[in-house]
Every structure is written in structure tokens, then in C-alpha cells.
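Student: coords please:
(chains A and B)
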Amino acid sequence: MATSVILPKQGQSVENCIITEWYKKKGDRVVKGDLLFAYETDKSSFEEESQFEGILLEIFFDEGDEVPVLSEVAVIGEEGEKIEAQKQVEKTGADAPAENSQNTLTENGSVGIETLAETTVVTAAVNGNLKLKISPRARKMAELKGITLDDLPGTGPNGRIIVRDIDAVAEGTIQAAPVAQTLTTGEFEDKPLSNLRKLVAKAMHASLQNSAQLTHHLGADARSILSLRKKVKKQQEAGKAGNITLNDMICFAVIKALKSKPEANVHFIGESIRIFRKVHLGIAVDTDRGLMVPVLRNADDLSLAGLSDQIAQLASACRAGNIAPDLLQPDAATFTVSNLGNYGVEMFTPVINLPQAAILGVNTILERPARMEDGTFGFVPFLGLSLTYDHRALDGGPATVFLAEIKKEIEQFNHEIINQ
Amino acid sequence: MPKQQLLDPVEIRKPQMLEIAPIPVNQYNKSIEEEKENFSKNDFVRIFRDMVIIREFETMLNLIKTTGEYLGYPYNHPGPAHLSIGQEASAVGMAYLLDSDDYIFGSHRSHGEILAKGLSSIHKMNDKELMEVMEEYFGGEILRIVQKDFKGDTKSLAQRFLIYGTLAEIFARETGINKGLGGSMHAFFTPFGIYPNNAIVGGSGDISVGAALYKKVNRKPGIVVANIGDASLGCGPVWEGMVFATMDQFHTLWEDDMKGGLPIIFNIMNNQYGMGGQTSGETMGYNIAARVGAALNSDNMHAERVDGYNPLAVIDAYRRKMEIIQQKRGPVFLDVLTYRFSGHSPSDASSYRSKEEVESWQKIDSIVTYGEELMNAELASRTDLNKIKKDAENLVLWATKLSTDDSVSPRMDLVKSNELIGEMMFSNGSVDKMEDRTPEVNHPMEENSRVKQISKKERYAFDADGKPFSALKQYQYRDGLFEAMVDRFYKDPTLIAYGEENRDWGGAFAVYRGLTEALPYHRLFNSPISEGAIIGTAIGYGMCGGRVVPEIMYCDFLGRSGDEVFNQLPKWQAMSGNIIKMPVVVRVSVGSKYGAQHSQDWSSLVAHIPGIKVVFPATPYDAKGLLNAALQGTDPVIFFESQRIYGIGEEFQKGGVPEEYYEIPLGEPDIKREGSDLTILSIGATLYKAREAADILQSKYGISVELIDARTLVPFNYEPVIESVKKTGRILLTSDANERGSYLKDLAQNITELCFDDLDAPPVVVGSRNWIIPAHELEDFYFPQAEWVLDAVHEKIVPLKGHKVTNDFSDEKKIWRAARGI
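Tutor: Residues are numbered from 1 along each chain as shown, chains lettered A, B, ... in the order given. So this is what the prediction gives:
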């Protein structure tokens, strides 16, 4: 019997993927493990291997097609087999027959529930403006085509936005935003937002609108970690250790501070504050696609070397674009570190990833005059630390105590740690 | 032909006096000694036993209902129990001579009749027959229960089967004789000739006539007894049933061995009250119910009042009346006078009758009186009689315990299988003929004038150049219906058709033209103007195993058969636990031009009722294919036709209407024209208005319309419609039914649910106005027109450039009209 190839669901929030490349074409013989096709979400890329042997009887989507996850994208079977019955239109969740599915989800029931819950969330987000008059079909089309609905004139009954209005925008017959029309062409280029840009924009805007953020700045004496860094570098050159960066060490110090001051390791969730027993550390990573903040789960279980290794892996996954989308959810992390030191930034006010309650900005190291132990004045390297916290979750006192704790951990960094 | 029967004014206008023959009242006057020539000692005692079993059975129910226990055994029965304590002699007397070939129909108060008839049939059947019945019924399920630990003989086993099965049925157990789906007021057991009791007063009054018609037309042995109450003589269907049963044509026009009256006894179980209304003295004027017979035919329907308190008097009457029926001189009307001690139901406080009255009848309690007579005649001793009573008590207690034991007698498990009842609503059979014998016809089909005429017609409306053939040359919608009918008449020997003007006239709209010549009277005849009986008799005919096509000339007359269409036709398949099939196709013609009471499309009303299939073809191709499918099936179908289009040719099916037989499965909507921008789903003749609108939308506004004809309302496959709406994103629904409560609303609601995310506008219904239908000249203001469709599209779906509306489909107007109920 012919078998369906199902587009896997990569993470809870992923609804659609774009098929970027077909490695096989209709009629090709495939064996288990052959790469069938590549696909990507707005954040990551994946490749799908065949789990079956046979002839690729039919391919339902072309390269570049946006496909709902768990859709049947192809059929593998024997020469001349009928495939009519296989084609199921956008079957999702519990309806997708497990035995035909290539994805790893085996518990149909739970998948169904997740899908359901998630659909609700997505709808709510898109429907943001519930008073907008738009037909369900037009809404769906706008979503698929990434068309902004605000200010779009509806030509349906009572000004309802209907499909032809979306078509008109897509075809360029009308502009979605009337403001753009007042500007002269040639002076600028309207570049549609990438999906990642849209997400970042929405999240950051929401963060600043919906919380009470303020930032404290503090400098930490960096002599200790700088000397450690030197030591590590030597060991690394001698092939005895991995590349443990300053950032790794700072993160390590932060984790320790979070463990001793758990009031910063929290989510503010409206009526309550969720205090985490474990530290799931979000680490801001700059990529070509934009800012990503992957989470390192259970970071407090790791040694410095382990931490360093994991952070490196996460960052490269982000840059390669194949990070698991679940690791990018803001509620996956309990606290975030954003390091702009490399860029020479002396002070900044990082924006919290809600529902987290705080974020640490790490600045560049500056030489500052200071009284040395022997009473003379000299220059001491100071690492700038900027803690933004949500005043709803945390008052200034505890926030400062926490920041001072990070400072302390950095200044008293135990050198033995690298040998552990 | 009635043409031969001249209505001679000279003869008819002569002065004369109408002589009505005397009607005997309580004339029975025989002693037990005299009756000994008719009954053995065992017979006499058996009569007593049957009365006692019934009394005990009903006493038990009465105690359960009023005290919550029987002989110390507690049980709560929340359902109905209309008891007939006091009426046992009437029931046993009625059933005594009947065997399993004789069918009884009952009322809401028929436990006694069921048991009496069952016991009588058991007595007359041999052991082998009884075992076969019990083993085959529901795969022997009931038999296994009553057989457990039982060592007695087969007849006793069958009695246990009857008592247990009936009681389990009353208590709504899956092991009841109708799987608990009939219950107290609808229990029956056809292998013993016990046909449905009926919770609607007088409901059996016309259904039983259909059963008698079945026996007559198909030459089946046995008679039919309609056990209905005295108060049911106030019900239209009873009168219609009696009018139908006494039609002159049985004697004057039906041919050869078909000549003669129907084998039916209208047995009025006259307990003198209709609930609390005293029939003789308060709610009726007949004084003695037997008088009614005199109204129906010159035989007075052989009417007679007999003493229902004396089983021997009733049996005596039956002996004489069955003789009359044997001589084909039926029907018979019997007024069996009796009295019930028990209340109408357990909630009856007897506020309408005095204690003295009840006591005076209890004083002559038939069981006591008859028992004494037996002892006086030395046919039984007091000990014998007491033993009979004790045995009855044991039997009833055993049945009570067993039928209320959840582990033995569970209820239908709707948790485990939620569709169990749903699956019983239709039998979904596919049967060429209900019986295998040669159909009676007058000539070979190919010699039929209509068949010959149709063979010369153009089966597709247009010639090779797309020009329409002349209307007369076109194969018409009515020809499609005719072909399906004639085919089945030559295939299924049980098929009969009747209604108003069905024979010589050829049907009011010439659908049956040609059939008169092809068929003997008993297969196609004119009925009285009795829509209730037209459908009611068909129900009886169908449930006995015959296929039948009753016709309602105008849809508006369907109201006259309201009980039959709403309460009877749809219910009996499921209420029998699927024992009964109902191959009844009701042809209903939707009118036009004749105003408010001759032009209504009531398809929505019947589609609302669970248990009937509803079909409404709009083209000759669909008319033939769907009628073929309806006639091949075993389910009740209301088959709507439209008088607007009887003459229309086949304008959609490119290959024309096939000459050969084909079926179009019920439930499949048909895409009449493909399109991409808007779906229009129509029901019935409105298809043509929808097509007109589609043409304008295409030519003037570039909107491509996908035109779907629902064809069937129940069942309905949504999938093609969903597919279409996924494509077009828009749907408009239209039919000639007035808009409020129209079936279109149901379709629209479901489509909204099923296609919500694909909709670019709400599904819009364009129905007729919520008015009376005005004169033909004003009809265009009432029924949906192409222009209305454009207006609705413009106002509700997608504004049409430059379109000026003539009808207001705005929200404000909708609210305004609804607030006024128009």
C-alpha cells in the first residue's frame, strides 16, 4: 500500500513551512534515509529523510509552496499504485493517520490537543483587532500572504474586507497603507517585513507597552575573569581546553547569582509570579535574519566547559537557521543575557522578553582609574552590567542586590572552575 | 370505468325514503350449555386463563406505577402505562378466533390486546412454528433469556416469551420485542399477527385499512382488526379510514376475484370514556357507537353492539362477522361495550366519574362473572380457577423480575454505541420487488400508448446546434416520472398506486397517463379525497410488506395528512427495532398559480421530521433516476415534484435522459454547472431562476457561478458543497419555500460551520416571502426571482458595480421584518 509522506510539525507554534527544495522528483526510486526534501519555518531549516522504500508516486507541493504542517506532501508506493485515496487535504492533528505519518509524534490525542490549543492562540493574535470587518476567507488569505490589514479599505457589504481586497493588495493594484502613497517613488524601497522581523517587532513592542521596565547600571572589576580568560586561552592553545569565552564566564556567574537570588529567575504572569527552581538561560544571538534568543535549558546543571560548549552550539544553530523553534519561545527561558560588549557598547537598556522579569545587558570593558590595594591609583578594567527589570515583579532593592550578586560572582570568579 | 356507471338524473332525483336496516344491540343471549357445541372444556378454561393473565399483568403495572412495587418486589417505571383493567373479556373475545395470519392493530391502551392475540396465536401454532419464530426473532436473543432453566413445553415457553418480551418492551429494555424502542404504547410482535399499537388516538384507524388492502390486493390469508377506542370516532383519520374501506369501487369496479370488500373489522373497544370525556353523553352524539356504521355504507358496515363484558358474546360476534368477511362483504364495524376500572393513566384521579359507577361495573367484573359461570356449569372448580390465578401471578412475577434485571435485560447501550438508534432510522434496502411473482398488468409494456409516445421524444432538450426542440417533442419531467413508475409496476407485483384522480384522469398532471390502460383497478385507483387515509393506508400497506405510491395532489393538502406524515410514516421502522420496512414513496406535487392554499413548498416541514427521506428533483433526468432509487428502496420517501416544470425538457444532462433503467442515489447534490466565483445551491424548480441569475452574473458582472441542485434534502451529502465553497468562498441558497424556517437555513447554518474559514461572506438564503402566496399575477413578488438573487449578492456577498437593487436585503430590513413576524 502506498504511504503518505507528511510534513512534520517542528515545534508547537509552527503552522506552515515552506518547501525549499525537492531532492527527489516524481517517479524516483527512494530508499530509507534518502533525503526527500528541505523545508523551513520562519526561523529554521530542516531536511526530511524518507522512512520508506519505493517509488515517489506523487508530489503535492512545489518548491516555494507554503504548506500547513502535518499535510501530506508526497506519496511513496509501488509502481502503478493508485494514489487517489492517499490525498488528504490538509489533515492535521488527531485526524492524521499515525501509520501513514512520517513525523515522530505517535500520540495522536496529545497532538490533537496541542494543535487545538495553538490554533486558538494564533487566531487570537491575528484577530487582534476584533472589530475589523473582514471575511474569514480574506483573513486567512491575508495571513498567508503576510498582508497587513490595518487601514486596508474593504469593498464588501458594509465595508467588509473581502477576498478581492486582499487580491488587490497582493497584485499591487492598491496599497495596504495609504501613508506610503504620499511619498515619491525612487526615494525609498518598501521592503516587506520578514516573519522574524514581524515577530521581533511585535514582541519588543508588547514588552515595552505591557510592563514596567527600568535599568540599573553597575561596573564589575574584571581583573579576575580576564586573567582566567588568559589562562584558558593558553590551555586552549595547548589543546587542553575548549574555547571558553568571556561571555561564557559571565553567563556562568549570572547562573550562580540566579541560584542564590531566585527572585530574578521568575516569570511575571499577571496574577502571580512563577519562581523557577531551574535556570533556563536565554542568550541573545545576532544573526543575518535578525535577533534570536535561544534558550539553554537547565543551564544550572552545567559545568563552565559544558556551558561554553552548549552556548556555542546554540549560537551556531541560530546562525545556520536550524534551531528548533521551541527553543526560541520567550517563555522557554527564565532569564536572558544580552552581550553587546564586543561592539564596544558602554551602556544600554535591554528590553525584557516577557514573561521573563529581567534581562542582563553586558557592556564593553572600560579601564577606570581606581585605588589599588597598595594605596596608589591605577587603571582597573571594569565590565559594565545593565540590568533591566520589570518593576511589577521586582522592586529596586532586590534588583540591585541581585545585580550586586552578579558583580560579586564575576569579581570572585573561582579559577579552579575551569578544571572541573 | 366509472364512465359506464351513468349518473341518471331521472333515477337519482326520484323521491324516496332512505331505509336504514336495524342495528343489533346486545342481542347475544346464549347459555354456557348452548355454547358447549362451540367450545371444549379446555377452551372455556383457556378463555378464563387468558383473561386472568392480562388482569395480573396490568395489575402488576398498576402497582408498580402507583406503589413502586409488586408482591414486595420494588421497581420504578417512569414511562407510560395506559391500563385496561376491566376490559379483559373484550380483548380475549376479540382475539379468540384469530390466528397469526390475522393482524390486529391497536391503540395506546392495548397491552390486553397484545397478550390476548399473542396467547391465541400461540394456541393455534404448532411447536415447530413457535420454535422457528422464537429462534429467528432477533437471532433468538429473547428466547435464550426465557429458556434459561425452563423445563416446560413449547407453548408454555412461547407464553413466557410473549409475557417477558412485552414487559421488557414496556420497560424500554433492549431485550423487548421491539428492542425497547416501541414501549408501552407502540409494542407489537408481527410473527403473532400483532401489528403496531398507536399512541395517537385513532392512529390505527387508517393504517389498519392499508393492511387490509395489502391482504386483499396480494391475496393473503387472514383478516385485519383495528382495535380503536370509542373516542377515536371523533378523529378524522378514523372516518377517512372507514370511508376508504367502504369505497363502492371494491364491489363495482374492481375486477374478477378482486371484487368485494376489504377484510377488516373496526373493533371499537368502547370503554365509554375518552380519557375523562364521556363519549356517550358528553363529547359525542351517536348515543350508541354502532350507529356510526350506518353512515358509511348501505350495509351499515354490518354494525352491531356486543357485550364486551362477556367473552362468549364477543367470540360469537366474531364468528359471524368473520363469515361476512369470508364472503367479501366487509368491512365490519363492531361496538364492543366494556368498562375500565383503572384510570386512564396512573395520574387519573377519576374526577370525571363517581365511585358508585366504578363499583357498579366492578360488581359485574367479567373475570368473576365468567369464573362463576364456569363453576356453575361444572367446567372448572374453584381450586382450578385459583390455581390459574396463582400460575398467572407466578408468571407475571417471574417476568417482572427478569425484565427489570439490568444484567439480563439491559437498556440499549448508547454510551458504547451512540449511533444505535440513528442506525435504525432507515432500513436503506435495495429491493427490486417485494415479492417474487408475475405482476398483474393488462398488456406488455411496449404496447402501452404512453410508452410508445415517449419513445419518439427527444431525450435532450436541444438539437446539435443548441436550439431547443419544440416543447411537445421534448422528453418531459413528467415522462421521467412515468418511466420510473411503469418500470416498477412491471417489476414489482406488490406495487400499487392511488390518490385523487390517479386513474381515469391519468393523474391531475398527466404523470400517470397511459397507466390506466396498463393496470388492473386494484393496482391503480382513485381514492376518496382523504389525504389522511391516502397516506395512512399506504403506511399499513407498506408495513405488511407491499410497495406503494400514494399521491398528494397539491403539497398544500399534506396538512390533511399531518399525523400520518409526521407521527406514523417516519416512526415505525425504528420503533419496531427494525423489524418493519416502510417502502412507501409519497408523491407530492408542489403547485403554482392557484394562490395561498395551492402553491406552497413544504419540503422544509417534512425534512424536519426524523425518519423520512425527502427528495425534490428539478430535471427529467433526476426525476427518473431519483424516483427509481426511491422505488428500489425500503424507506419512506416524500417525493416532491413541481407543477412549474412537469413539461420541462432535460436541459442539463448532455447525453439526455437514458432510456434504460438507472438510479440516482438519494442524498447526492448535483453540480449542474461549474463556476469559480459564487456557489448557488437550489432546491426544486428554483434551479431555473438560479440559472437565470447565474447567466446575468456572468454576462454583466463577470461572476462565474457554480450551480448546485440539492436534489435531495434528507439525506444530504455536504461534501460537494463544501468543495464548491472552498473554491468560490461564497454561497447563496434559494428555493420556493418561504424563508423563515426553510430547510435552506439549516443548510446555510451547517455550511457556515463546515466552511467558516473559507467564507468570504455569510451564506445567504433567498427564499419566498413570509406571506400568503398571492394570485398568479403577483407571484413574482412572492417567489424568488433572478433579480432577487442579484440583489442579495450585491447587498450581502459582493457589491455589483452599477447594480440597483429592487429588493431590500439589508440587515435593518431583516430585523424590521422579523420583529413583525413577516
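Student: For burial, what's the neighbour tally of residue B:467?
Tutor: By other Cβ atoms under 10 Å in any protein chain shown, 8 other residues sit near residue B:467. All C-beta atoms are positioned from the backbone trio N, CA, C, and that covers glycine.
Student: what does residue B:414 give?
Tutor: Count around residue B:414 with other Cβ under 10 Å applied: 11.
Student: Kindly report the same for residue A:153.
Tutor: For residue A:153, using other Cβ under 10 Å, the count is 11.
Student: Over to it: give its phi and psi.
Tutor: phi -70, psi 130 (degrees, to the nearest 10).
Student: so the closest residue to it other than its chain neighbours is in which element?
Tutor: Nearest non-adjacent residue to residue A:153, counting by Cβ to Cβ, 6 or more residues apart in numbering or on different chains: residue A:165, 7.0 Å away. Per DSSP states H and E, residue A:165 falls inside helix A:163-171.
Student: Could you list every helix and strand in contact with that helix?
Tutor: helix A:136-145 (3 or more Cβ pairs under 8 Å, 6 or more residues apart in numbering or on different chains; DSSP states H and E).
Student: Can you list the neighbours in contact with the helix it packs on?
Tutor: With contacts defined as Cβ atoms under 8 Å, 6 or more residues apart in numbering or on different chains, helix A:136-145 is touched by A:16, A:66, A:126-127, A:134, A:147-149, A:152, A:161-163, A:165-167, A:169-170, B:729, B:756-760.
Student: can you pull out the strands in the stretch 601-750 of chain B?
Tutor: Under the criterion DSSP state E, counting those that start in this stretch, the stretch 601-750 of chain B carries strands at the ranges B:613-615, B:637-642, B:670-673, B:678-682, B:705-709, B:712-714, B:731-738.
Student: quick one: buried residues of the last one?
Tutor: The one in question is strand B:731-738. B:731-738 (16 or more other Cβ atoms under 10 Å in any protein chain shown).
Student: sorry, back to before: okay, angle between the helix holding residue A:165 and helix A:136-145 too, please.
Tutor: 20 degrees (axes from the mean of the first three to the mean of the last three Cα atoms, to 10 degrees).
Student: which secondary structure element contains residue B:244?
Tutor: Using DSSP H and E, residue B:244 falls in helix B:236-245.
Student: So residue B:44: helix, strand or coil?
Tutor: Using DSSP: H, G, I helix; E, B strand; the rest coil, the structure places residue B:44 in helix.
Student: ok, it - contacts?
Tutor: So residue B:44 contacts B:32, B:374, B:377, B:379-380 (Cβ under 8 Å, 6+ apart).
Student: gap between it and residue B:371?
Tutor: Per Cβ to Cβ, to the nearest Å, residue B:44 is found 11 Å from residue B:371.
Student: Now list whatever residues contact both of those two.
Tutor: With Cβ under 8 Å, 6+ apart as the test, residue B:44 and residue B:371 both reach residue B:380.
Student: which intervals of the stretch 251-400 of chain A have sub-threshold pLDDT?
Tutor: Applying pLDDT under 70 to the stretch 251-400 of chain A picks out no residues at all.
Student: what about the helices in it?
Tutor: Using DSSP state H, counting those that start in this stretch, the helices found in the stretch 251-400 of chain A span residues A:304-320, A:396-411.
Student: okay, those helices in a markdown table with distance to chain B next?
Tutor: Output for the helices of the stretch 251-400 of chain A, formatted as a markdown table (distance: least, Cβ to the nearest Cβ, whole Å):
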| stretch | distance to chain B |
| --- | --- |
| helix A:304-320 | 33 |
| helix A:396-411 | 46 |
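Student: rewinding a little: in TSV, list the strands of the stretch 601-750 of chain B along with mean pLDDT and distance to chain A.
Tutor: Below are these laid out as TSV (pLDDT from 0 to 100; distance: least, Cβ to the nearest Cβ, whole Å):
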stretch	mean pLDDT	distance to chain A
strand B:613-615	98	29
strand B:637-642	98	32
strand B:670-673	98	18
strand B:678-682	98	11
strand B:705-709	98	15
strand B:712-714	98	25
strand B:731-738	98	12
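Student: Same list, the ones you listed, but as TSV with distance to residue B:260 please.
Tutor: Output for these, formatted as TSV (distance: least, Cβ to Cβ, whole Å):
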stretch	distance to residue B:260
strand B:613-615	35
strand B:637-642	31
strand B:670-673	47
strand B:678-682	49
strand B:705-709	47
strand B:712-714	40
strand B:731-738	44
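Student: Provide the secondary structure category for the closest residue to residue B:420 other than its chain neighbours.
Tutor: Nearest-residue entry for residue B:420: residue B:412, 5.5 Å, with adjacent residues in sequence omitted and distances by Cβ to Cβ, 6+ apart. When classified by three-state DSSP, residue B:412 comes out as coil.
Student: and what of residue A:219?
Tutor: Three-state assignment for residue A:219 (three-state DSSP): strand.
Student: ok so, going back, residues contacting the helix holding residue B:244, please?
Tutor: B:202-203, B:205-209, B:212, B:226, B:228, B:232-233, B:261-262, B:264, B:266, B:292, B:296, B:301, B:330-331, B:333, B:527-528, B:530, B:532-534, B:536-537, B:563-564.
Student: Show me which of the residues you listed are buried.
Tutor: Buried among those (16+ other Cβ under 10 Å): B:202-203, B:205-209, B:212, B:226, B:228, B:232-233, B:261-262, B:264, B:266, B:292, B:296, B:301, B:330-331, B:333, B:527, B:530, B:532-534, B:536-537, B:563-564.
Student: So which of the residues you listed belong to strands?
Tutor: The members of the buried ones among the contacts of helix B:236-245 that map onto strands under DSSP state E are B:226, B:228, B:264, B:266, B:333.
Student: Could you verify my assumption that the second one touches residue B:267?
Tutor: Read it as residue B:228. Yes - between residue B:228 and residue B:267 there is a contact under Cβ atoms under 8 Å: 7.4 Å.
Student: Name the residue of the stretch 151-300 of chain B that lies nearest to chain A.
Tutor: residue B:174 (30.9 Å; Cβ to the nearest Cβ).
Student: Chain neighbours aside, what residue packs nearest to that residue?
Tutor: residue B:412 (4.7 Å).
Student: thought residue A:362 was touching residue A:250?
Tutor: Yes - if you go by Cβ under 8 Å, residue A:362 and residue A:250 touch, sitting 5.6 Å apart.
Student: shared neighbours of those two, which are they?
Tutor: With Cβ under 8 Å, 6+ apart, residue A:362 and residue A:250 have common neighbours A:337, A:339, A:383.
Student: Columns distance to chain B and neighbour count on top of those, output as JSON lines?
Tutor: Listed next are the shared contacts of residue A:362 and residue A:250 as JSON lines, based on distance: Cβ to the nearest Cβ, whole Å; neighbours: other Cβ atoms under 10 Å in any protein chain shown:
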{"residue": "A:337", "distance to chain B": "41", "neighbour count": "24"}
{"residue": "A:339", "distance to chain B": "44", "neighbour count": "22"}
{"residue": "A:383", "distance to chain B": "53", "neighbour count": "25"}
